[in-house]
Each structure stands twice: as structure tokens, then as C-alpha cells.
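K.L.:
Sequence below, structure please.
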Amino acid sequence: MGVWRKWIFPILRMVLVAAIAVALVKLAFFPDAPQAEAALQPTGTIEEPQVQVARASIRNDVVLSGAVSPDPAIAIKATANGTVDDVFVKTGQQVGAGDVLFDVKVEDEPVETTTTGPDGQPVVTIGEPTHHFEQVLAPIAGTLTGFEVLPEQPVTVGQAAGRVAPPSFQVTAQLSPEQQYRLTQLPAEAEIVIAGGPAPFACTGLTISTTDAAASGDSDTGAEPAGGGSGATVRCAVPGDVKVFSGLTAQVTIAAGSADDVLTVPTTAVEGGSESGVVWLVGDDGEGAEHPVKLGLTDGANVEIVEGLAEGDAVLQFVPGAPAQPDCSIDPMACNDLVMGVGK
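P.N.:
Model (predicted):
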């Protein structure tokens, strides 16, 4: 037993340690490199996704975020140079269109009269000073604001004498330049939805004005655009029988046309904007090549192909090199500012 402990077991431990050391050196400095590299060689291919030109219906609805605001007050202006005589109203009073607010005493120029004297010579006579009154009327019906006219106060033509604030409201919203491309025609009204408010209603008298012109405003009306930024401001009148309040948020939907059974492709497949664009038409070799097309309506997700493609043609689903775009079917509001193939 002493021989085993003294010689056999130590020799076995040394052999075992040497075997482990040799194995570690082999793994560290002599791996099976050729086999590993062969296993990592790529074998797949990358293919551009394609879509076919198909027939579908398109509804071109431009959806905007807006707000309810009072119609702008209209300035009251003096109509003559003179002195205020009588004031018939006071600030805060309700007036009707055409009501007399105050009158202005206007001194007339003396009238010269020429007669023939006893000696036959002409005689010029200066008439007595006279005056007349000019009435200042309310431009619209509403409430007088800032009306501080006093009797005997001198006024000049065009001098502001207060404002009349109408009891009516309007809905305003910002329209970006990209969204204007989608308005191939301007409807006369828009559909308004107010969260927690009345049922959806038609807002009439739809107009679009440039933001710069609206922002500068009319010093007579005090009109200001809703929101800020570049683009244009959409305005329409709230019907008198619809109860709203200033400051309410509103969703404005402008229906700018629809088309049924027309050729369409996704907007992501088109580079361009209004009326004309470019798609990448897939050839027999499977490669996409630039191909001009004429465009029609778009709903933000799909666009009508008026000319340049036939039903069943294959095009690349995404414009080569274009940034990723949101999924319009999930979030339509995110696509309102998109021109085909290009983000805002």
C-alpha cells in the first residue's frame, strides 16, 4: 500500500494534469479553423419587396386637428371729420347690424353767393356757417367692446371707435404645404367632430388662407390664425344651431374627392407629389427601374395611378433609399403630412 501512495498515485496525477494541459493548448492555439469558417459562409439572398398594381377605391379625406374660436370682432370707424354729438349706446350692449351708435357733427364750408349790386358790380356774400350730422352704424350684430366714445370728442375719418364682437364661432386648423397637394379641389364645407361635444356636423363656408397673411391679420378685425408654423389656415363657420365654446379642440375632415375601381399602388412605392411621380417597375430580370407615372387621388396609404402602369404590373414596394414611413392603416393621422415616397 505504501508503494501506491508514494509512487503510483502521484504519477497518475502528473499524467492527468499533463493531458489537461495538452488539451488546453490544442484548443487555444490549434482550433479547427477551416471547418468553422466554412460553417459561417452566408448562403441567403436579399430581395426587395414588391407589390402589384391593383384596382381599389380611394377616398381622399384630409384630417386636421383644429380648435373652436369666436369669429373676429369688426371695428367701428368714424365716417367723417368732426365732433361727436350724441352717443346712443355703451360698451357691452347688444346691437344689431345697422343700428346707429353715435353721430358726428360736421361743420360745412360757408357758401359764397355772388349777386349784382346797384352799381352793376358783382357782390360776393359769404353765407352763415352751417353743419350736418353723419351717423356711425354698427357693421354687424353683436356685442360692443372697447367702445369709449364721448360727446364733444373730435374724430377723424377712419378713426377706430370700438368693435362689435359677433355671437358666432368658427373652426380653424393648420394645413401644411404637403397636405395642400392632396386638395385637388376645395370643398365648400368640412365635417367637424368635437370630443365630448355635439354630434358631428357640417362646417360651412370653408376657406383657406396663407398663414403669413392671416398672422399679420387685419388690424380692424383682430383675426389671428389657430396654431402656428408654416402652411395655410383652414376656416369654416359653425352653424348657429350648434352649441360650442371657444377653445374646444376639433377634428376637421375635408373630403377632397373619391374614386372607385381605379389602379392603385402604396404611397411608399411612389417618389413624387402632386400629379406626377416615379415608381420602380420590376422587369423580367427581377430588378426595378425608374418609370414615370401620372398620379391622381391619394388617401395617404394608397395613390391612384392615372397613367403609366397596367393592372398586374409589379413595382418595388418601397422607394430605394427612402426613409421608413409610418403604417397609415394603423395611424392615419401620421400619414397626413406625407407626400408619396417622402416624409414631411
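K.L.:
what's stretch 199-206 in contact with?
P.N.:
Residues from elsewhere that reach stretch 199-206 (Cβ atoms under 8 Å, 6 or more residues apart in numbering): 171, 186-193, 234-239, 242, 252, 254. Where C-beta positions appear, they are placed from N, C-alpha and C, glycine not excepted.
K.L.:
If we use 10 Å, what do you get?
P.N.:
Under the contact criterion Cβ atoms under 10 Å, 6 or more residues apart in numbering, stretch 199-206 has outside partners 66, 68, 169-171, 186-194, 234-239, 241-242, 244, 250-254.
K.L.:
And stretch 241-250, by the same measure?
P.N.:
Contacts for stretch 241-250 (Cβ under 10 Å, 6+ apart): 64-70, 168-173, 190, 192-199, 201-203, 226, 238.
K.L.:
Could you point out the helix or strand that follows the worst-scoring helix or strand of the chain on mean pLDDT?
P.N.:
None of the helices or strands of the chain scores lower by mean pLDDT, DSSP states H and E than helix 211-216, at a mean of 46. Following helix 211-216 in sequence order, the next helix or strand is strand 232-237 (DSSP states H and E).
K.L.:
I'd like the distance between the nearest residue to residue 175 once chain neighbours are set aside and residue 28.
P.N.:
Nearest residue to residue 175, sequence neighbours excluded (Cβ to Cβ, 6 or more residues apart in numbering): residue 232, at 4.6 Å. Using Cβ to Cβ, to the nearest Å, we find residue 232 at a distance of 71 Å from residue 28.
K.L.:
Same check on residue 241?
P.N.:
Distance, residue 241 to residue 28, using Cβ to Cβ: 88 Å.
K.L.:
thinking again about what came up before, just the buried members of the contacts of stretch 241-250?
P.N.:
Using 16 or more other Cβ atoms under 10 Å as the burial test, the contacts of stretch 241-250 include 64, 66-70, 169-173, 190, 192, 194, 197, 201, 203, 226, 238 as buried.
K.L.:
before we move on, the earlier item: sort out for me which of the contacts of stretch 241-250 are in strands.
P.N.:
64-70, 169-173, 190, 192-193, 201-203 (DSSP state E).
K.L.:
Compare residue 232 and residue 28 and say which is more crowded by neighbours.
P.N.:
residue 232 (22 against 8; other Cβ atoms under 10 Å).
K.L.:
The more buried one is in contact with residue 208, isn't it?
P.N.:
Yes: assessed by Cβ atoms under 10 Å, residue 232 is found in contact with residue 208 at 5.0 Å.
K.L.:
and residue 183, what does it touch?
P.N.:
Here residue 183 is in contact with 60, 62, 175, 208, 232, 234, 254, 256-257, 274 (Cβ under 10 Å, 6+ apart).
K.L.:
Sort out which of the residues you listed are buried, if you could.
P.N.:
Buried residues within the contacts of residue 183, counting neighbours by 16+ other Cβ under 10 Å: 60, 62, 175, 208, 232, 234, 254, 256-257.
K.L.:
check contacts around residue 71.
P.N.:
When contacts are counted by Cβ under 10 Å, 6+ apart, residue 71 is found next to 140, 142, 165-170, 221, 223, 235, 237-238.
K.L.:
give me phi/psi at the closest residue to residue 165 other than its chain neighbours?
P.N.:
In this structure, residue 165 finds its nearest non-sequential neighbour in residue 73, 4.1 Å apart by Cβ to Cβ, 6+ apart. Phi and psi for residue 73, reported as degrees, to the nearest 10, are phi -70, psi 150.
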